[in-house]
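Chemist: return atomic coordinates for the entry below.
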Amino acid sequence: MPISRMENVIKNYKIGKVEVPALRGVSINIDEGEFISIAGPSGSGKTTMLNLFGCLDKPTEGSVFINDQDVSRLSSNQLADVRNRNLGFVFQTFNLIPVLTAFENVEFPLVLLGERSSARRKDKVMDILADVGLAELVHRKPLEMSGGQQQRVAIARALVKRPKVVLADEPTANLDSVTGEAILKLMLEMNQKTNATFIFSTHDPMVMNYARRLVRVHDGQIQSDERI
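Modeler: Have a look, this model is predicted:
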């Protein structure tokens, strides 16, 4: 059973009085544990696909399934619950809370999930920070860290609640090539260790090279789907 899938998804956006098609009848299955890149130029529909898989938007027509649940029919509160329990996010701008330390940023999703035991939260946070190589930087705030270190914190934050799916939107865009490659290697390691499904939206050839499956989209449709 696919962990995520789309069935005949159409997504249109309204810009003033004009309706602009972003996806034109997309169907795709993504299995548990995949490391997949959705690639294409700006305006191709790749970010729209990521937003739909991330329960950040709803299709105009068709269905989106997460863990065999049709999320396209859920309310905003229900979508938020699916995101909290099943999904992790890694953004190109890191999106860390600047006044919180690395530890507190990673702990935050567990607080939102209602994990009341501070000891259990600490164990989970320290374990994942060690996994991403930041055990020594737990008390640093984002502005006291490099871009690569901030992105490692973001990866730890995405993984700390053991999500089924991690969605990464251009995760190397604000990093130099050496740091970006180190981040991709880390995410591939975490994919293999946790079996979480990683879905990337990208136009970066380096990200595409690390993918184990490459889906190319253009003008709102899937052009090719290749397992590597």
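Chemist: from here on, just use CA atoms for contacts and neighbour counts.
Modeler: OK.
Chemist: assign a three-state SS to the residue positioned nearest the centre of the chain, would you?
Modeler: Centroid-nearest residue in the chain: residue 167, 1.3 Å away (criterion: C-alpha atoms, centre = their mean). Here residue 167 is recorded as strand under DSSP: H, G, I helix; E, B strand; the rest coil.
Chemist: which residues does it contact?
Modeler: Residue 167 makes contacts with 50, 54, 87-90, 198-200, as judged by C-alpha atoms under 8 Å, 6 or more residues apart in numbering.
Chemist: okay, and the beta partners of it?
Modeler: Under the criterion DSSP bridges, residue 167 forms beta bridges with residue 89, residue 199.
Chemist: tell me the pLDDT of it.
Modeler: On pLDDT, residue 167 comes in at 97.
Chemist: distance check, it against residue 197.
Modeler: 8 Å (C-alpha to C-alpha, to the nearest Å).
Chemist: ok, then the element right after the host helix or strand of residue 50?
Modeler: Secondary structure from DSSP states H and E places residue 50 in helix 46-53. Using DSSP H and E, the next helix or strand after helix 46-53 towards the C-terminus is strand 61-66.
Chemist: who touches that following strand?
Modeler: Strand 61-66 has contacts (C-alpha under 8 Å, 6+ apart) with 3-11, 25, 52-53, 70-72.
Chemist: which of those residues fall in helices?
Modeler: 52-53 (DSSP state H).
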